[in-house]
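**Student:** sharing a model prediction with you, sequence too.
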Amino acid sequence: MKYWQPKFETMKHDELQELQLKRLKKTAAAVYENVPFYREKFDALGITPDDVKTLDDIKKLPMTRKTDLRDNYPFGLFAVPKDEIVRIHASSGTSGKPTVVGYTAKDIETWADMMARNFTMIGLDASDVFQNAVNYGLFTGGLGFHYGIERLGAMAVPSGTGNTVRQIEMMQDFGVTAIHCTPSYGLYLAETVREMGVADKLSLRVGCFGAEPWSSSTRKELEDAFQIKAYDSYGLSEMMGPGIAFECQEQDGLHIWSDHYIVEILDENGEEVAEGEKGEIVLTSLTKEALPVLRYRTGDIARRLASECPCGRTSDRISRILGRADDMLIVRGINVFPSQIEDVLVRIEKITDQFEIYLDRNKKKLDEITVRVELDEDAFTGEIGDLAAVKRVVEGDLKSVLNIRANVDLVEKGTIPRSTGKAKRVFDRREAI
Ligand code: DLL
């Protein structure tokens, strides 16, 4: 089967727009009626839901930020009575209270179908055995994927995270054909598969990776290590969780499901960027019942791609996530994205794929960036000269991409903690001095 919900996946552009407008009007009315936060925002802007007459009128609507969910913790933005909520999830974030998100029974259905769409799109069906190696808790990646796997009719292996050797044994014993995990955990699994020498005993053909940024070099690394096709999966709790945007077999950008979300790509001032330019993804949910969200500023940076795709789906499309508005490091005035550093390191032989970035301020009050990388076991010859040579290669490659000098701290393999979920890569110690 090629499509899970062909009616929506291949809907003609004008019909899709008509559907979006109908659903946008309904969502605007629902939040105005049921969520005091939005009613106050509408009142302050002097608008009512009746002002939404065309899709372009979305620009009149208020934006929503993560802080708005925090300020209304835990259930303040829910648009239905608590009795109708059948599940909550939460994203931990780095500081303060988590953001809590809620789902009605219908929301869970919508989400499962959206996931099943994605799986069908990457060639999976009921015959597949799907290992879901992410945290099954408040994190949306666990149950979000799980319900989609069951909806598709495939066999779910809810392995969760941790015990990496056991994970790999499960892959062998159960004949696992598809896996989902974070890309950083994927790299760690790949490393362990190599150490166990069982790469040829696996039946994997497909991997879904997401929940954190990753580069095309990491894709190649994962595809080579497991002999799979690796697909990018994007999502965020506030919009449901994973599944809202996914790569198809073209592996050239993500389909973002336009019958469920409206995408805007905006600049810092909240204006639409010029066609094809990078900007912040701003999303409006069109079908969410429990927690409808207008113009959510995701903080994720991407480009809009042309919606035509050889796979036949007509949804909007976006590039992979190119960075985060708030993840950009400014070192001596130069913008540095952790993803650029990852991209350089993954391509260098003799070091592992693990890394950490430290930012410090030296005695002259200048910023220093130090990248800690691990030497591969095979590359350790015992000769100081060889170590110095590896270090020079890493320093040189980083300099040519970042345009600033980065110190390289070469450490023994296994020194950097392996993460099973979202990896913490950046340690900014500049405030400490
Ligand atoms: O990470 C949902 C998810 C689970 C997505 C499993 C994919 C797979 P949150 O915990 O709310 O939700 O974090 C959302 O993670 O705003 C991005 O910054 C980042 N992120 C998610 N997917 C990707 C991706 C889940 N494919 C935040 N590439 C988002 C880059 C991603 N960043």
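**Tutor:** Received, thanks.

**Student:** would you map the strands across the stretch 1-150 of the chain?
**Tutor:** With DSSP state E, counting those that start in this stretch as the criterion, the stretch 1-150 of the chain has strands at 85-91, 99-104, 129-132.

**Student:** how many neighbours does the closest residue to residue 62 other than its chain neighbours have?
**Tutor:** Distances taken as Cβ to Cβ, 6 or more residues apart in numbering place residue 41 nearest to residue 62, at 3.9 Å, with adjacent residues excluded. Bear in mind the C-beta positions are built from the backbone N, C-alpha and C, glycine included. Using other Cβ atoms under 10 Å, residue 41 is surrounded by 19 other residues.

**Student:** use 594 as the first number for this chain going forward.
**Tutor:** Sure thing, new numbering starts at 594, so read that last one as residue 634.

**Student:** state the pLDDT value of residue 634.
**Tutor:** pLDDT for residue 634: 98.

**Student:** near residue 728, how many other residues are there?
**Tutor:** Neighbour tally, residue 728, other Cβ under 10 Å: 19.

**Student:** could you do residue 776 as well?
**Tutor:** Per other Cβ under 10 Å, the neighbour tally for residue 776 reads 25.

**Student:** gap between it and residue 988?
**Tutor:** From residue 776 across to residue 988, the span is 25 Å (Cβ to Cβ, to the nearest Å).

**Student:** with residue 996 instead?
**Tutor:** As judged by Cβ to Cβ, residue 996 and residue 988 stand 13 Å apart.

**Student:** more crowded one of these two?
**Tutor:** Comparing residue 996 with residue 988 by other Cβ under 10 Å, the one with more neighbours is residue 988, at 15 against 11.

**Student:** for the ligand, give me its nearest residue in the stretch 894-1026 of the chain.
**Tutor:** Relative to the ligand, the nearest point of the stretch 894-1026 of the chain is residue 914 (3.5 Å; Cβ to the nearest ligand atom).

**Student:** local confidence estimate at the spatially closest residue to that residue that is not a sequence neighbour?
**Tutor:** Spatially, and ignoring its direct neighbours in sequence, residue 914 is nearest to residue 893 (5.0 Å; Cβ to Cβ, 6+ apart). Note on residue 893: pLDDT of 94.

**Student:** residues in the protein within reach of the ligand, list them.
**Tutor:** Contacts of the chain with the ligand, taken as Cβ under 6 Å from any ligand atom, map to 684, 733-734, 803-806, 825-830, 834-835, 891, 893, 914, 917.

**Student:** all strands of the stretch 844-993 of the chain, in order?
**Tutor:** Under DSSP E, counting those that start in this stretch, the stretch 844-993 of the chain gives strands at 847-849, 854-859, 871-878, 889-898, 909-911, 916-917, 922-924, 927-929, 944-954, 960-968.

**Student:** tell me the most buried of those strands?
**Tutor:** strand 847-849 (a mean of 25; mean count of other Cβ atoms under 10 Å).

**Student:** so for it, mean pLDDT?
**Tutor:** Per-residue scores along strand 847-849 average to 98.

**Student:** and the contacts of that strand?
**Tutor:** When contacts are defined by Cβ atoms under 8 Å, 6 or more residues apart in numbering, strand 847-849 is touched by residues 714, 825, 827, 837-841, 856, 902, 906, 908-913.

**Student:** that strand pairs with which strands, parallel or anti?
**Tutor:** Paired neighbours of strand 847-849 in the sheet (DSSP bridges): strand 834-840 (antiparallel), strand 909-911 (antiparallel).

**Student:** so which of those strands gets nearest residue 613?
**Tutor:** strand 909-911 (9.9 Å; Cβ to Cβ).

**Student:** any idea of the mean pLDDT for the closest one?
**Tutor:** Strand 909-911 shows a mean pLDDT of 98.

**Student:** thinking again about what came up before, as JSON lines, the strands of the stretch 594-743 of the chain with mean neighbour count would be great.
**Tutor:** Formatted as JSON lines, these follow (neighbours: other Cβ atoms under 10 Å):
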{"stretch": "strand 678-684", "mean neighbour count": "17"}
{"stretch": "strand 692-697", "mean neighbour count": "23"}
{"stretch": "strand 722-725", "mean neighbour count": "24"}
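
**Student:** got JSON lines for those strands, with mean pLDDT too?
**Tutor:** Shown next, in JSON lines, are these (pLDDT from 0 to 100):
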{"stretch": "strand 678-684", "mean pLDDT": "96"}
{"stretch": "strand 692-697", "mean pLDDT": "96"}
{"stretch": "strand 722-725", "mean pLDDT": "98"}
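
**Student:** from residue 1009, how far out is the closest residue to residue 834 other than its chain neighbours?
**Tutor:** Excluding its sequence neighbours, the residue lying closest to residue 834 (Cβ to Cβ, 6+ apart) is residue 733, at 2.7 Å. From residue 733 across to residue 1009, the span is 27 Å (Cβ to Cβ).

**Student:** who has more neighbours, those two?
**Tutor:** Shown here are residue 733 and residue 1009; by other Cβ under 10 Å, residue 733 has more neighbours (26 against 18).

**Student:** do I have it right that that one meets residue 826?
**Tutor:** No - using Cβ atoms under 8 Å, residue 733 is not in contact with residue 826, being 11.4 Å away.

**Student:** list residues touching both of those two?
**Tutor:** Residues touching both residue 733 and residue 826 (Cβ under 8 Å, 6+ apart): residue 835.

**Student:** okay, now the domains of the chain?
**Tutor:** For the chain, automatic domain parsing gives the domain ranges 594-918, 922-1021.

**Student:** okay, how far is it across stretch 927-941, tip to tip?
**Tutor:** 23 Å (Cα to Cα, to the nearest Å).

**Student:** what of stretch 949-960?
**Tutor:** End-to-end distance (Cα to Cα), stretch 949-960: 16 Å.

**Student:** and it, how far out from the chain middle?
**Tutor:** Centroid separation for stretch 949-960 versus its chain: 29 Å, with Cα atoms, centre = their mean, to the nearest Å.

**Student:** point out where this protein drops to low pLDDT.
**Tutor:** Within the chain, the ranges that satisfy pLDDT under 70 run 594, 686-689, 1024-1026.
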